[in-house]
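In: Sequence and predicted structure, then a few things I'm wondering about:
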Amino acid sequence: MNEKFWNDWKTTYLTELRNSHKIRFRQGRHGRRHRPLIGEVVLIEHELSPHRMWHYGLVIELVKNSDGEIRSVKLRGPNGRTLHRPINKLYPMEIRATSPLGIVTTTNMHGDPNLEQEDEEIIDNDFPTLKNINSFSTKEKI
């Protein structure tokens, strides 16, 4: 029964959540997609594991590819290891922090928000650990 619930939840809720984020942050045909922010906590998809075994991760770096687009990120997992994952395998949380770590929000002349990284270097110890967060994760049985 739990497995059926998680399968239904994965196929309906997570798909709808991802679609709502795509719609909310779409900016035209060739516009930029929403990207995770440094300091944001996301759910990391793992296709070979049931959803209740997925982990949370903390975004610590946005990785640009050869054409300058951000299509992957570096994450800190619950065990402290650094992971490299594509953004299409990450599920943003519904509620976001009002000021993610190391980010300054400004607006351009059109009123669109621009996100700029602070100049100061971010030290690994500045990020909170995810051990406490994962103790309340979906691993717990309902």
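Out: Cool, the structure landed. Just so it is clear, the model here is predicted, and its values are computed rather than measured. Residues are numbered from 1 along each chain as shown.
In: which regions of this protein sit below the pLDDT cut-off?
Out: Applying pLDDT under 70 to the chain flags the ranges 20-35, 95-142.
In: Would you mark the buried spots in the strand ranked longest in the chain?
Out: The longest strand of the chain (DSSP state E) is strand 55-64. Under the neighbour-count criterion of 16 or more other C-beta atoms under 10 Å, strand 55-64 has 55-60, 62 buried. Every residue, glycine included, has its C-beta placed from N, CA and C.
In: likewise stretch 70-89?
Out: Buried, per 16+ other C-beta under 10 Å, within stretch 70-89: 72-78, 85, 87.
In: Span of that stretch from start to end?
Out: Taking C-alpha to C-alpha, to the nearest Å, stretch 70-89 runs 13 Å from one end to the other.
In: got it, and stretch 38-47?
Out: End-to-end span of stretch 38-47 (C-alpha to C-alpha): 24 Å.
In: Adjacent strands (with direction) for the following helix or strand past the longest strand of the chain?
Out: Downstream of strand 55-64, the next assigned helix or strand under DSSP states H and E is strand 70-76. Strand 70-76 pairs in its sheet with strand 55-64 (antiparallel), strand 82-86 (antiparallel), by DSSP bridges.
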